[in-house]
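# predicted model and sequence follow; I will ask about them next.
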Amino acid sequence: MNSDADITDIGRLTILPSTYIGSPRHMNEYSQDAMTYVRNYGRPDLFVTFTCNRKWPDITNLLLPGQSPSGRHDVTARVFKQKLRCLMDFITKQRVYVTVRCWMYSVEWQKRGLPHAHILLWTVEKITPDQIDDIISPEIPDVDIDPELHEVVMSNMVHGPCGQHDPSSVCMSDNKCKKRYPRAFISETQTGNDGYPLYRRRSPADNGRTSITQLKGKNFLVDNTWIVPYSPILSKAFKTHINVEYCSSIKSFKYVCKYVTKGSDMAVIGVERDEISKFQMGRYVNINEAIWRIFSFAVHERHPTVVHLAVWRMANEFISTQRT
């Protein structure tokens, strides 16, 4: 009252409903949908991160002289939407691995604007540990056998190098790589830990391959410890950064389900009982995301559909059951 506030607003809580796409309640319901898949079909089998590549010919061919992809976010959004649709059709309809029972994905945007999608896949026949090496590889391909795949992996699937080779890398925190690179050499894939499996990364002494790449104008020798896990068939088909992980532990599915539905980056300032004002103050939308929403492209997709039952209906059904 001393600050000329409206007395009628005292004690009133204004909420942002789940019908608003991207709101905390909407993302919470989306996370619960993922848990519904887990209750019915078990843990997800694969966790795929699909990133836009600004060097795709589909993007560069549409640029006018002197333009760059960062200046045509409408082109980037349209091309990535088509590529994402092709990827999902490729996985679900062409049955790249095995038959997919259900799937869900969320589209996010990096700080520099490029979109990427986090995808969860549930298969009809669970992928067994002895099939991991046939699907996922964190090793450098043979340049003589498959030069095209070798070029894609060396251009898109090499992490860093960071650490002592580049202490200023964005992945560095407290002089350590947040992604835990370089990884250790291992002769056979190991599963059963609390996170992702330890994929086979053969050393040069164990017939592991090496390759030369450029790091700040200098040559750098890359081995299998720097390679991000990928699927050879997906990387070769889409020629971009596609990280594929196998969900081996029951403890990892909750993390990946929440990671897919974590929502957008926000900066919260102060304490506010009005959730709409709080959301507006902290919400950050870059140009590419704005273009994506203007085009009315879906930010979240899932199959099959999860139907939310009303609380009163569930209560009435429970009461009827007790009476009978």
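Right, received. Where do you want to start?
# OK, contacts around Glu275?
With contacts defined as CB atoms under 8 Å, 6 or more residues apart in numbering, the neighbours of Glu275 are 13-16, 24. Where C-beta positions appear, they are placed from N, C-alpha and C, glycine not excepted.
# from Thr60, how far out is the nearest residue to Asp58 once chain neighbours are set aside?
The shortest distance from Asp58 to any residue other than its chain neighbours is 4.7 Å, reached at Val79 (CB to CB, 6 or more residues apart in numbering). Counting by CB to CB, to the nearest Å, the separation of Val79 from Thr60 is 10 Å.
# cool, Asp89 as well?
The span separating Asp89 from Thr60 equals 24 Å under the rule CB to CB.
# helices of the stretch 1-150 of the chain, residue ranges please.
When assigned using DSSP state H, counting those that start in this stretch, the helices of the stretch 1-150 of the chain occupy the ranges 24-41, 57-60, 73-92, 132-135, 147-156.
# just tell me which of these ends up closest to Phe295.
Shortest separation from Phe295 across these is recorded for helix 73-92, at 6.2 Å, computed as CB to CB.
# quick one: contacts of that closest one?
The set of residues external to helix 73-92 that reach it, using CB under 8 Å, 6+ apart, is 50, 52, 54, 56, 58-59, 62-63, 69, 96-97, 100, 103, 105, 107, 113-115, 117, 119, 121, 234, 237-238, 240, 287-288, 291-292, 295, 297, 301, 303.
# one more time with 6 Å
50, 52, 58-59, 62, 69, 100, 115, 117, 287-288, 291-292, 297 (CB atoms under 6 Å, 6 or more residues apart in numbering).
# which of the residues you listed are buried?
Listed as buried from these are 50, 52, 59, 69, 100, 115, 117, 288, 291-292, 297; burial here means 16 or more other CB atoms under 10 Å.
# now for those residues: which two are most distant?
Pairwise distances across these (CB to CB) peak at 31.0 Å, for the pair Pro69 and Val100.
# next, the buried residues of stretch 234-250.
Using 16+ other CB under 10 Å, the residues of stretch 234-250 that count as buried are 234-249.
# same question, stretch 293-304
Those would be 297, 299-302, for stretch 293-304 by 16+ other CB under 10 Å.
# rebuild those residues as JSON lines, extending it with secondary structure, pLDDT and distance to Gly208.
Putting the buried residues of stretch 293-304 into JSON lines (DSSP: H, G, I helix; E, B strand; the rest coil; pLDDT from 0 to 100; distance: CB to CB, whole Å) gives the following:
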{"residue": "Phe297", "secondary structure": "coil", "pLDDT": "92", "distance to Gly208": "41"}
{"residue": "Val299", "secondary structure": "coil", "pLDDT": "87", "distance to Gly208": "40"}
{"residue": "His300", "secondary structure": "strand", "pLDDT": "84", "distance to Gly208": "39"}
{"residue": "Glu301", "secondary structure": "strand", "pLDDT": "88", "distance to Gly208": "38"}
{"residue": "Arg302", "secondary structure": "strand", "pLDDT": "86", "distance to Gly208": "39"}
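# confidence score at Ser248?
Each residue has a pLDDT score; the one for Ser248 is 71.
# what's the answer for Leu149, then?
Reported pLDDT for Leu149: 95.
# equivalent analysis for Arg283, please.
Here the pLDDT value assigned to Arg283 is 75.
# could you number the chain from 841 rather than 1 from now on?
Understood, numbering begins at 841; the last thing we discussed is Arg1123.
# report the beta-bridge partners for it.
Beta-bridge partners recorded for Arg1123 (DSSP bridges): Met1106.
# follow-up on the earlier one: higher neighbour count, Asp929 and Thr900?
The neighbour comparison of Asp929 against Thr900 (other CB atoms under 10 Å) goes to Thr900, with 14 against 10.
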